[in-house]
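**Student:** Following is a predicted model, sequence given first.
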Protein chains: 2
Amino acid sequence: MNAERVLDGAMRAYWHSDPADVSVNAICQMAGISKPSLYREFGSEDGLSRAVLDRYAELVLSEVFVVLHGGHGLHQTLAALIDFASDDPRMETGCLFYKMRAGKHRLGPETRARVEEIDAAAQAAYAGFLQAARDAGEWPDGLSVEAGAKYLGEQIALAITQRASGEDKARIREMLTLALSVFERG
Amino acid sequence: MNAERVLDGAMRAYWHSDPADVSVNAICQMAGISKPSLYREFGSEDGLSRAVLDRYAELVLSEVFVVLHGGHGLHQTLAALIDFASDDPRMETGCLFYKMRAGKHRLGPETRARVEEIDAAAQAAYAGFLQAARDAGEWPDGLSVEAGAKYLGEQIALAITQRASGEDKARIREMLTLALSVFERG
DNA sequence: TCATTTTCGGACCATGCGGTATTTTATTCT
DNA sequence: AGAATAAAATACCGCATGGTCCGAAAATGA
């Protein structure tokens, strides 16, 4: 029955609209399979969405982690994040992870747990990046690494979420650049 | 049948959880009235949520407009906005307007139109406030008033939305203060 | 080729939704 | 008190949801 194909279709659907607005019926219809087939493969809607999130993480989110762990300087890494959030065509309809996080309470337990796991990992990655910048003397004291990491993560989430709502790319870049300028002005 | 009581109950329910997660059945049950009674009063779910939004606007949002039109200086007004977003007890479970805006596509046409109307009014109010600050020489050039207004509005929305998700108040204040510091450092 | 095992899907279930036709209950007027 | 009127609730409709039974089809092995 080709589970991968189903997963990709579900991912696209969840991603393009919103996980809460796509029913298993719709996914089955798009994938051209029957509902029992889907349930045999994934067990439940929660299992499906969890598998989709896993795939999304290794397909898309991994790249962000690569950027954060790249070891390039503060300025260069921030610029790469800004580029990704405000210009990458894959973020044109928003980020599936952020959509799931925003509607966390509507997810099943497995998927929700995975969302929280990824959220924690992302925050840790942001914190590691900022800590390295501080160690290199590129980022002044006055704000804790944790607070900065949370701030950075939320600003990127905001920018990408705005892309999903059709906001102008240039304006998003302008706002995100402004928000992240606090890291570069001592 | 006391329409005001129903409205207040619906507002609380929508506000405390999320408009998309509260059914008309639940509202009727809470208000202790029957479904036909509710439909006679408000016509449809859309009519109900629109009425709720109207009431919320005149009850809560009006205060924000008052702050923005208060004519106090840049610093003082920003401080008031930060206080409101990060400390006002009414924002402890988030802002009903932002919740509706975030789930705009799930609303009926009337309510959605009202949301867009309020959004435009808010943006205009932010822009007016920033324009006044610029005229008074309190805010340097380099960023358009419109972009600044959008940025300001989105930062406040972000802060309040984070309160709804249980984030620590002090941390939210820290982040919002950081975000809005771009207005005060030439 | 026939029997066994494995995979698949049509039809169905219970539940909850927004919304309504109809009946019952109050109220008002004479 | 009794008829006319206004108000409210019971009980239902059609629909979509997540989830499952059970029979049909297909692949496998002898």
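**Tutor:** Yep, that arrived.
**Student:** Please, which helix or strand holds the residue sitting nearest the centre point of chain A?
**Tutor:** Compute the mean C-alpha point of chain A, and by CA atoms, centre = their mean the closest residue is A:Phe97, 4.1 Å away. When elements are assigned from DSSP states H and E, A:Phe97 belongs to helix A:96-102.
**Student:** helices or strands next to that helix in the packing?
**Tutor:** helix A:3-16, helix A:45-56, helix A:109-135, helix A:145-164 (3 or more CB pairs under 8 Å, 6 or more residues apart in numbering or on different chains; DSSP states H and E). The way it works is simple: take the backbone N, C-alpha and C, and place the C-beta from them, glycine included.
**Student:** Report the contact partners of the residue nearest to the centre of chain A.
**Tutor:** By CB atoms under 8 Å, 6 or more residues apart in numbering or on different chains, the contact list for A:Phe97 reads A:Leu53, A:Tyr56, A:Ala57, A:Leu61, A:Val115, A:Ile118.
**Student:** closest to DNA strand D out of the helices and strands packed on helix A:96-102?
**Tutor:** For the helices and strands packed on helix A:96-102, proximity to DNA strand D was assessed by CB to the nearest atom of the strand; helix A:45-56 is nearest, at 3.4 Å.
**Student:** Quick one: neighbours of A:Tyr14, just the number.
**Tutor:** 22 (other CB atoms under 10 Å in any protein chain shown).
**Student:** ok, now A:Ala51?
**Tutor:** 21.
**Student:** That one contacts A:Ser44, correct?
**Tutor:** No. Applying CB atoms under 8 Å as the test, A:Ala51 and A:Ser44 come out as separate, 10.7 Å apart.
**Student:** Can you lay out the helices and strands packed on helix A:96-102 as JSON lines showing distance to A:Leu178 and mean pLDDT?
**Tutor:** As requested, the helices and strands packed on helix A:96-102 are arranged in JSON lines below (distance: least, CB to CB, whole Å; pLDDT from 0 to 100):
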{"stretch": "helix A:3-16", "distance to A:Leu178": "28", "mean pLDDT": "97"}
{"stretch": "helix A:45-56", "distance to A:Leu178": "29", "mean pLDDT": "98"}
{"stretch": "helix A:109-135", "distance to A:Leu178": "18", "mean pLDDT": "98"}
{"stretch": "helix A:145-164", "distance to A:Leu178": "10", "mean pLDDT": "98"}
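**Student:** mind putting those in CSV, distance to B:His69 included?
**Tutor:** Compiled in CSV, these are given as follows (distance: least, CB to CB, whole Å):
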stretch, distance to B:His69
helix A:3-16, 40
helix A:45-56, 44
helix A:109-135, 38
helix A:145-164, 26
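**Student:** what's the closest of those to B:Arg12?
**Tutor:** helix A:109-135 (25.4 Å; CB to CB).
**Student:** hmm, back to that, close to DNA strand D, is the helix holding A:Phe97?
**Tutor:** No. Judged by CB under 7 Å from any atom of the strand, helix A:96-102 stays clear of DNA strand D, getting no closer than 14.3 Å.
**Student:** what's the offset of that helix from the middle of its chain?
**Tutor:** 7 Å (CA atoms, centre = their mean, to the nearest Å).
**Student:** With stretch A:12-22 instead?
**Tutor:** 14 Å.
**Student:** then that stretch to CSV, C-alphas only?
**Tutor:** What follows is stretch A:12-22 as a C-alpha-only set of coordinates in CSV (Å, rounded to 0.1, in the frame of the first residue of the first chain):
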residue,chain,number,x,y,z
ARG,A,12,1.6,18.2,2.3
ALA,A,13,-2.1,18.4,3.3
TYR,A,14,-1.3,19.1,7.0
TRP,A,15,1.4,21.5,6.0
HIS,A,16,-0.5,23.5,3.3
SER,A,17,-3.6,24.0,5.4
ASP,A,18,-3.6,23.0,9.1
PRO,A,19,-3.5,19.6,10.8
ALA,A,20,-6.8,20.3,12.5
ASP,A,21,-8.5,21.0,9.2
VAL,A,22,-7.6,17.8,7.4
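**Student:** Buried residues in it, which are they?
**Tutor:** A:Arg12, A:Ala13, A:Tyr14, A:Trp15, A:Ser17, A:Asp18, A:Pro19, A:Ala20, A:Val22 (16 or more other CB atoms under 10 Å in any protein chain shown).
**Student:** hmm, which two among those are most spread apart?
**Tutor:** A:Arg12 and A:Ala20 (15.8 Å).
**Student:** still on that earlier bit, which one of the contacts of A:Phe97 is nearest to A:Gln155?
**Tutor:** So of those, ranked by how close each gets to A:Gln155 (CB to CB), first place is A:Leu61, at 16.9 Å.
**Student:** mind checking how far the residue nearest to A:Asp8 when sequence neighbours are not counted is from A:Gln29?
**Tutor:** Using CB to CB, 6 or more residues apart in numbering or on different chains and skipping residues adjacent in sequence, the residue nearest A:Asp8 is A:Arg55, 7.6 Å away. For A:Arg55, the distance to A:Gln29 equals 20 Å [CB to CB, to the nearest Å].
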